[in-house]
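Enquirer: Sequence isn't available, so here's the structure alone:
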């Protein structure tokens, strides 16, 4: 029951944040924000989703006590992927390739994707250990931070990069304080990847991970209906 309420509150908070960000950024800047956010979701889903599934599949309170190498392996995978994403973004920035996103906004999108991966990994650890109160607390604190930092960045600065920075900080702060330290020797990460990819319990995970992208899209649609047509066609900022 508690977890279900947390899911509902999370969906409502994401929708409200997306709507307020769209209002304060305006159509053009919110479009850049939405593209950067979509890049972050792709990085999160393609790079870190299998780690979240592996945490739910292999980690538990018993594994924490008897097989700490599982947690050590998962932590190593997260750190390695974060490093690889940083290298790719740095290479793209230095290459001079012209992209729809500016280098700064691309870097923030990558940071948001990595931070979201860490956040989802942390919540998966809590759910795997059936820590419902901890999981609910993470959701509540993250949404409060998102409301203050993301909406505040869009309202005060009017910048999609700083609004995205608010998203990054809101999903990075809570997991960094929540996750405990388990010592152990890592095992082969491809074993977790191979097993989790064939685990039927992880089948709906991709749809679940992509669900936050609906909120900015819906918010943009609702906001677009409130913008007069003359404001979009007159060429005025």
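Expert: Alright, I've got the coordinates. Values in this document were obtained by computation on a predicted structure and should not be read as measured data.
Enquirer: What mean pLDDT does the helix or strand where residue 28 lies get?
Expert: Element membership of residue 28 [criterion: DSSP states H and E] is helix 2-43. For helix 2-43, mean pLDDT is 91.
Enquirer: Next: stretch 153-163.
Expert: For stretch 153-163, mean pLDDT is 94.
Enquirer: List the contacts of it.
Expert: Residues from elsewhere that reach stretch 153-163 (Cβ atoms under 8 Å, 6 or more residues apart in numbering): 20-21, 24-26, 29-30, 32-33, 36, 102, 104-105, 108, 150-151, 165-166. In this view, the C-beta of every residue, glycine as well, is placed from N, C-alpha and C.
Enquirer: from these, which would you call buried?
Expert: Neighbour counting by 16 or more other Cβ atoms under 10 Å classes 20-21, 24-25, 29-30, 32-33, 36, 104-105, 108, 150-151, 165-166 among the contacts of stretch 153-163 as buried.
Enquirer: out of these, what pair is the most spread apart?
Expert: Within these, 20 and 104 form the most distant pair, 22.4 Å apart (Cβ to Cβ).
Enquirer: in stretch 156-172, what counts as buried?
Expert: Of all the residues in stretch 156-172, those buried under the rule 16+ other Cβ under 10 Å are 159-172.
Enquirer: These in helices, which ones?
Expert: Counting by DSSP state H, these place 160-172 in helices.
Enquirer: Now tabulate these in CSV and tack on distance to residue 45.
Expert: Listed next are these as CSV, based on distance: Cβ to Cβ, whole Å:
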residue, distance to residue 45
160, 21
161, 22
162, 24
163, 21
164, 17
165, 21
166, 21
167, 16
168, 17
169, 21
170, 19
171, 14
172, 18
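Enquirer: in this protein, which segments are predicted with low confidence?
Expert: The chain contains residues with pLDDT under 70 at 1, 174-237.
Enquirer: Tell me where it has helices.
Expert: 2-43, 49-58, 61-66, 68-95, 103-128, 132-145, 151-157, 160-178, 189-197, 205-210, 214-226, 229-233.
Enquirer: tell me the angle of the helix holding residue 28 relative to helix 160-178?
Expert: With axes from the mean of the first three to the mean of the last three Cα atoms, to 10 degrees as the basis, helix 2-43 and helix 160-178 are set at 130 degrees to each other.
Enquirer: Helix 2-43 packs against which elements?
Expert: helix 103-128, helix 132-145, helix 151-157, helix 160-178, helix 214-226 (3 or more Cβ pairs under 8 Å, 6 or more residues apart in numbering; DSSP states H and E).
Enquirer: How far does the third one sit from its chain's centre?
Expert: Helix 151-157 has its average C-alpha position 19 Å from the chain's average C-alpha position, going by Cα atoms, centre = their mean, to the nearest Å.
Enquirer: what does stretch 151-163 give?
Expert: Between the centre of stretch 151-163 and the centre of its chain there are 18 Å (Cα atoms, centre = their mean).
Enquirer: before we move on, what about stretch 95-110?
Expert: The answer for stretch 95-110 is 18 Å, by Cα atoms, centre = their mean.
Enquirer: Equivalent analysis for stretch 131-148, please.
Expert: A distance of 14 Å separates the centroid of the chain from that of stretch 131-148, by Cα atoms, centre = their mean.
Enquirer: cool, and stretch 112-125?
Expert: Taking Cα atoms, centre = their mean, one finds the center of stretch 112-125 at 6 Å from the center of the full chain.
Enquirer: for it, which positions count as buried?
Expert: For stretch 112-125, a neighbour-count test (16+ other Cβ under 10 Å) marks 112-125 as buried.
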